[in-house]
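In: need the 3D shape of this:
(2 chains)
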Amino acid sequence: MNAGSPAAQFPISPSSRRRAFLQDMGLGFGSVALASMLDREASGAESGRAQNGDRTSFAPKAKNVIWLFMIGGASHMESFDPKPALTRYAGRTIDETPFGEVLKSPFLDNERVVAFDPNNGFVRNTCYPLQVGYHRRGDSGLEISDWWPHVGDCADDLCLVRSMWTEDSNHGAQLQFHTGRHRADGFFPTIGSWVNYGLGSLNDNLPEFMVLGTPLADCCGGREAHRANYLGPQYDGVPLKVDPQNSMPYLSPEQGVFVEEQRQQLDLLRQLNQFTSNKNPDDTAILARIRAYELAFHMQMTVPHVVDLNNETQETQDRYGLNQKQTKTFGRQMLTARRLVENGVRFVQVYHGSSGGAGRWDAHKGLKKGHSTVCGEVDQPIGALLKDLKERGLLDQTIVVWASEFGRTPGSQHSDGRDHHPYGFTVWMAGGGVKGGIAHGATDELGFHAVENRHYVSDIHATLLHQLGLEPHRLAIPGHKRLEREVGTPIQDVIA
Amino acid sequence: MNTHEAIHRNIRARCHSSQLRGSTFVRPRAFRQSLLILVLCLLTSPAVRSADTSDGVDYQRDIQPLLAQKCGACHGALKQQAGLRLDAGVLIRQGSDNGAVMVPGRAADSTVIQKVTAKHADERMPPEGEGTALKAHEIALLKSWINAGAAAPADELIPADPREHWSYLVPQRPPVPALDDTNWSQPVDAFIKREHQRLGLTAVEPADPHTLLRRVYLDLIGLPPTQQQLQAFINANDMSSDTWQQVVDDLLESPHYGERWGRHWMDVWRYSDWDGYKQQLRGSQRHIWRWRDWIVQSLNADKGYDRMIIEMLAADEVAPNAPELLPATGFLARNFHKSNRNIWLDATVEHTAKAFLGMTLNCARCHDHKFDPIAQTAYYQFRAIFEPHNVRTDQVPGQPDVAKDGLPRAYDANLAAKTFLYLQGNDKRPDEDHPLTPAVPAVLGGHFNVQPVELPIESYFPSLVAFVEQEQIDAAQKALAKVTKQSSIRAESAEQKTTSDTQLQELKRSVAELRLKSLVARFAADRSKVVGNDAETSRLARDAASAERQLNVAQADLVVAQKQASVGKAESQEEADEKKKQAAMAAVRKELADAITKQKTTRDASTKTDDKYSPTGKEYPHTSSGRRLALARWIANKANPLTARVLVNHIWLRHFGKPLVDNVFDFGLRSAKPRHVELLDWLAVELMENDWSMKHLHRLIVTSRTWRMASTATEAGASDNRTIDRDNDFLWRMNFRRMDAEIIRDNVLAVSGQLDTTMGGADIDYNKGEETRRRSIYLRHAYEKQMTMLVLFDAASPNECYRRSESIIPQQALALLNSTLSLSQSRLLAPELWQTASTDQSPQESFIRSAFLQILSRPPANNELAACQQFLTRQSATLADTSELNTFVGGKAPRVNPATDSHQRARENLVQVLMNHNDFVTVR
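Out: Residues are numbered from 1 along each chain as shown, chains lettered A, B, ... in the order given. Predicted structure coming up:
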């Protein structure tokens, strides 16, 4: 096997009897799937892409995306966008600061409300001081809050975009961040599905687009945030649990079925389907179905191994925080994300902060307690992921995105919280040919409006697609008009 | 290369690319351009005069597409703002109502240039919201073209009036082509065959009887033939049209027909069970399954499609007293959206237009439609039809609690509701100076005649429906009888009773008695209010008020007595902890004091003599606007050019796997005239002239020679066919299709003989999809509430699904391989089949044959038989000793255990393989 091939990276414990067995199984199924697999291994992954529906328009700089989404609305001013003015003017109304004009900005008109919520989604007037300190980090000296020490260690790889804005002042903005369309407009293909649609397969064992963590609640878009809508279900994100016993629906048969038993069933099935194919030359669906069954069989064998983190060294497990209660869950997802990327999965979407409703990053009150907790759950695992990818030489080809549906108000709500804030907030990217150690764009002194190099959420999509070699207009589907705003524009300034 | 050649090359190149776009990539705007370019391609080359200028600006390449994109929507065939058209050179020269817009040779003096370069947004073209301003290089092109003399081809085609679009003209029955081939004389066949002849296609032979019988069963009832039905059909060996007709008629009479086609229409009409977070209702309605049952029953009864439309849009106006028809308005109730009335009404407008008219009215919400002759005003006038309506849940017999069961339905709640156009679709900017009247898009013609409907009492005062009153009075009588009986038992009881006990009992009886009396009086008063004279009504209202006051006093007395008893009980209670006892006593004393206060107010009030009483239920407007009925009659009308065509297209799609008009919900200008437009029109007229009977259409289609063709082409002619029509657009063979999700699940249950054919009733929890044996149509189907297996097989999105997709994904394979459903059904079926086969001379072969017939409805071919025999031998050998075999990680405990005997287990495996066979999920 070629050392660079996905199959060679496939982590199975050498002691496992299954390994040899798997290879036997693989060699036992002669036809189409194996042929394409061997071909791919012989010529490297790139040629495999070409065979498998690659729709790239130019040479890609990155191959994979890990998309981290914080559900509920992370505070930008307590994470990556320091606003000392808030502390300076704490307790005063915005009008009483020198920056009162933010309340007259035409940008306020960008807000679109679906359901008026009498409790949330307002401009809050009384400046609320920063709840956490900041330090300059790395050679670049990027200012990052003290709730993010591990991510801060990677400052020189981070590209902060501090000038994001969106439309929805309620949590429908979660869906909006994935489709580029307002929740009220309906459901549309998501960024992961566009990547899946645009890029070919890198492997024969796993789907291209996989989803970790509990998805959005149905209030805010639900599973539609990782679906492909009109692109077709083959481009949907496939949810995965980090549980070898129960990682996907129907992944394992009921107990008592033997692997050899099913393999022989599948061999017969392939044989019978091949007969049918021979008799029905016009029916190409049969061949696709034969391939789907082979991939299914390989998924059953591969997925439990990918999510079995016992194959990782203790050092790695510790680094991701698997040994601590607070970081364990997200740490397992981050480590799995790396393993999925290693195994050729194109797009890994990870949700953090599901609460069955708006999400745990929502901080209308008790921001300090809430945010220090959720930051504590994700900071170390994300830092570990960035460092691990870098050490393995994978960060160059993998873009990691950290995002949340909106930021939080400069003014206070319920005395110790902040309300939803769609007018200015921060996301960051790292790796995949994106410049490191830079902050692009800016909000005003209060962190209210994005004022410099403003970017609507789909500009992040466009940047990712650009790095992956995809031209979004060329992916368009007849009969489905896309708005320019929905497509976005690559942020050229951040591309290395 | 001279200039002439260069232009021709250019045009050819773009013809090529536009054809590509037509199939793979089309943003609507580009598509429109490409149509124009195609038109140009049809012009013979020498006729195209050079329009190139010395600056290298070419009208066709640079100017025409630019103007089409930037100006076409308002200055084109569709609309001529200021009388100006900019979609052909000759028309540009004609100018607007205000004179010339262009001075050839003098761009600076041309109005058109001044307009596109104006500094102020309110002067500049295109206007804000209609398009972005021209970029500098685009302005430069336009200027150069004008300065060079504004040349355009003399024979440029002027785009036609969109009102003449094929689908906007009422369909006329075309003559059926007269062909000499008697096998193809049925009208459907004659139209198809004529195209075959024109193109040189050779139709393939009819499918073999096994394939055909399975196809017709799955098509019409969604279930496979049993082995007996299959055998009888094969044995009869009679493919005459009479026999076939009989098979078809029998299936159309089967109640399963309604379930099969009901699911199709549930896709198109956006059926959704209630949707919500925990118990909170957010979308659709509880108990909306009554609409699903109405669909199934209406189809089985072959109710005319016109009538179905009328009932879905306006059963409350056309049949307000028919509880069996009101569920039809689930079509409207389904759009309920808790948090936003605009989203609710937008969905109503969008999907009423898409489902019945194949019209994308929704594209005119924010601006005039870019392609079809629909102004933005028309969108809001259509909305005005629905503005007064709302949703409520009426009581059903036997269940007073509408949370547990009820009839969700539409009604007009607010007849005064106004509709305003939202500027640029922004609901923050209603155009309040111009309230809109209800109307339908004028381009479709017809009469939209709104007549308000006077409603019967039971409709506007639903508590006065006989059974509601009867049930409440029965319940009150029952309660009284019960308490009276208790009193008499106690009175007769030998046990000594305390006075307070007896008093309490008497108070209870008195309350029950007065409750009945009050109920009777309130019903009488309510009824009189709507039917009686004023004097009578006033008297009855006073009686009801008086009875209610008496009841209130008795109830207050009872509460006081009960609290007194509690105090007594608390005082005598043994309680070691004195503090606790004091607290408990304080609590009950407080309750007693409250009760006494209440008693006093109630008694004080009892001296009143007014006529204020609690009505027995809610009273709704006595009149319905009649708007929806007017709409329904305008849609369900032979004069409507779209209704029948859209329906025929949906039906055709579901019989052939491909529609006649590609976009099933858009018959507008983006839908070019379909290949088989005459067939479509013939069927549309045929439908309307046969009382809009869907069964009539099904019968016509499935008895056609066309529908009975094999999907497999092995004949010599096939390779020619493939060269001429690779995609089978002209139906020289049948299309194969993948079964719909529900049908796959239903068939797993059907072939194993486990299907529970009970029809109708409340929706079943979607998580129980692997346990229940009911048909899939009865499983809950709502946003985020769908059975996983069905979703994997492309079940309809409850939000919108005019046409299903047929994906092939590995999770489908996993579901059919590993689900409890597939494993247990194969383990149940194998022993059944073996029981019969084992007595046969060659039992193994007999088993395989039987399994093929049972599961795939056909016998195995020799190579299949051999492969299966080999498998059984090998598999039973493998399973004979399982000690060395590997198991999978995870998995649930089996519902049905595999056989312990290795041969039997191998047979179970074989059965399961056949349930995973490509042809199990394929309608061939």
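
In: CA only for contacts and neighbour counts going forward, please
Out: Will do.

In: what about residue 406, neighbour count?
Out: All of this refers to chain A. Counted with other CA atoms under 10 Å in any protein chain shown, residues neighbouring residue A:406 total 34.

In: oops, chain B please
Out: Residue crowding around residue B:406 was assessed by other CA under 10 Å; the count is 21.

In: which parts of the stretch 201-350 of chain B sit against chain A?
Out: The stretch 201-350 of chain B has residues B:277, B:339-340, B:343 near chain A, with proximity defined as CA under 8 Å from any CA of the partner chain.

In: so of the residues you listed, which ones are in strands?
Out: residue B:277 (DSSP state E).

In: quick one: contacts for the nearest residue to residue A:166 once chain neighbours are set aside?
Out: In this structure, residue A:166 finds its nearest non-sequential neighbour in residue A:422, 5.1 Å apart by CA to CA, 6 or more residues apart in numbering or on different chains. Residue A:422 is in contact with A:111, A:165-169, A:406-408, counting by CA atoms under 8 Å, 6 or more residues apart in numbering or on different chains.

In: measure residue A:422 to residue A:216 for me?
Out: 18 Å (CA to CA, to the nearest Å).

In: again with residue B:872
Out: Residue B:872 sits at a distance of 47 Å from residue A:216 (criterion: CA to CA).

In: these two - which one has more neighbours?
Out: The neighbour comparison of residue B:872 against residue A:216 (other CA under 10 Å) goes to residue A:216, with 29 against 25.

In: quick one, phi psi at the residue minimising distance to the centre of chain A?
Out: Nearest to the mean C-alpha position of chain A, by CA atoms, centre = their mean, lies residue A:67 at 1.7 Å. Here is the backbone geometry of residue A:67 (degrees, to the nearest 10): phi -110, psi 110.

In: that one: what's it in contact with?
Out: Listed by CA under 8 Å, 6+ apart, the contact set of residue A:67 reads A:347-350, A:400-403.

In: in strands, which of those fall?
Out: Short answer: the contacts of residue A:67 in strands (DSSP E) are A:347-350, A:400-403.

In: which of those lies closest to residue A:275?
Out: residue A:347 (36.1 Å; CA to CA).

In: which ones are touching the closest one?
Out: By CA under 8 Å, 6+ apart, the neighbours of residue A:347 are A:64-67, A:192, A:195-196, A:208-210, A:341.

In: name the residues of the helix or strand where residue B:194 lies that are buried.
Out: Per DSSP states H and E: residue B:194 is located in helix B:187-199. Neighbour-count burial for helix B:187-199, with 16 or more other CA atoms under 10 Å in any protein chain shown as criterion, is recorded at B:187-196.

In: just stretch B:293-312 next, same as before
Out: B:293-300, B:302-312.

In: just to revisit the earlier point, redo the buried residues of helix B:187-199 as a markdown table? Include pLDDT and distance to chain A.
Out: Output for the buried residues of helix B:187-199, formatted as a markdown table (pLDDT from 0 to 100; distance: CA to the nearest CA, whole Å):
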| residue | pLDDT | distance to chain A |
| --- | --- | --- |
| B:187 | 96 | 27 |
| B:188 | 97 | 24 |
| B:189 | 97 | 22 |
| B:190 | 97 | 25 |
| B:191 | 97 | 24 |
| B:192 | 97 | 20 |
| B:193 | 97 | 21 |
| B:194 | 96 | 23 |
| B:195 | 96 | 21 |
| B:196 | 96 | 19 |
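
In: now the residues you listed as CSV including distance to residue B:526?
Out: As requested, the buried residues of helix B:187-199 are exported to CSV (distance: CA to CA, whole Å):
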residue, distance to residue B:526
B:187, 60
B:188, 59
B:189, 63
B:190, 65
B:191, 63
B:192, 64
B:193, 68
B:194, 68
B:195, 68
B:196, 70
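
In: residue B:236: which of these is nearest?
Out: Nearest to residue B:236 among the buried residues of helix B:187-199, counting by CA to CA, is residue B:189 at 25.4 Å.

In: how many residues are close by residue A:411?
Out: 26.

In: cool, residue A:370 as well?
Out: Residues contacting residue A:370 under the criterion other CA under 10 Å number 17.

In: surely it touches residue A:364?
Out: No. Residue A:370 is not in contact with residue A:364 according to CA atoms under 8 Å; the separation is 9.7 Å.

In: now name the helix or strand holding residue A:428.
Out: strand A:425-430.

In: check which element follows that strand along the chain.
Out: strand A:438-440.

In: give me the sheet partners of that following strand and which way each runs.
Out: Applying DSSP bridges, strand A:438-440 is found paired with strand A:158-165 (parallel).

In: so which bits of the partner strand are buried?
Out: Result for strand A:158-165 [16+ other CA under 10 Å]: buried residues A:158-165.

In: including pLDDT and distance to residue B:532, could those go into TSV?
Out: Shown next, in TSV, are the buried residues of strand A:158-165 (pLDDT from 0 to 100; distance: CA to CA, whole Å):
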residue	pLDDT	distance to residue B:532
A:158	98	80
A:159	98	79
A:160	98	76
A:161	98	74
A:162	98	72
A:163	98	70
A:164	98	67
A:165	98	64
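
In: now, which of those sits nearest chain B?
Out: Nearest to chain B among those is residue A:165, at 19.5 Å by CA to the nearest CA.

In: now do the SS call for the residue of the stretch 351-496 of chain A found nearest chain B.
Out: Per CA to the nearest CA, residue A:478 is where the stretch 351-496 of chain A lies closest to chain B, at 4.3 Å. Secondary structure, DSSP: H, G, I helix; E, B strand; the rest coil: residue A:478 is coil.

In: burial count for residue B:75?
Out: Other residues close to residue B:75 by other CA under 10 Å number 21.

In: contacting residues around the nearest residue to it once chain neighbours are set aside?
Out: Leaving aside its sequence neighbours, residue B:75 sits nearest to residue B:85 (CA to CA, 6+ apart; 4.4 Å). If you count contacts by CA under 8 Å, 6+ apart, residue B:85 has them with B:72, B:75-77, B:91-92, B:95-96.

In: quick one: low-confidence residue ranges for the stretch 51-200 of chain A.
Out: For the stretch 51-200 of chain A, the stretches with pLDDT under 70 are A:51-53, A:114-116.

In: count of neighbours near residue B:464?
Out: Residues near residue B:464, counting by other CA under 10 Å, number 22.

In: pretty sure it is in contact with residue B:458, am I right?
Out: Yes. Under the criterion of CA under 8 Å, residue B:464 makes contact with residue B:458 at 5.7 Å.

In: how close does the residue lying farthest from the centre of chain A get to residue B:709?
Out: For chain A, the residue at maximal distance from the C-alpha centroid (CA atoms, centre = their mean) is residue A:279, at 43.9 Å. In this view, residue A:279 and residue B:709 are 16 Å apart by CA to CA.

In: residue A:152 - how many residues pack around it?
Out: 24.

In: so what does the strand or helix carrying it touch, helix or strand wise?
Out: Taking DSSP H and E as the criterion, residue A:152 maps to helix A:149-153. If you count contacts as 3 or more CA pairs under 8 Å, 6 or more residues apart in numbering or on different chains; DSSP states H and E, helix A:149-153 packs onto helix A:367-391.

In: could you rerun that using 10 Å?
Out: For helix A:149-153, the elements it packs on are strand A:134-137, strand A:142-145, helix A:367-391, judged by 3 or more CA pairs under 10 Å, 6 or more residues apart in numbering or on different chains; DSSP states H and E.

In: out of those, deepest packed?
Out: strand A:142-145 (a mean of 22; mean count of other CA atoms under 10 Å in any protein chain shown).

In: who touches that one?
Out: With contact meaning CA atoms under 10 Å, 6 or more residues apart in numbering or on different chains, strand A:142-145 is reached by A:76-82, A:130-137, A:151-153, A:155-156, A:158-160, A:437-439.
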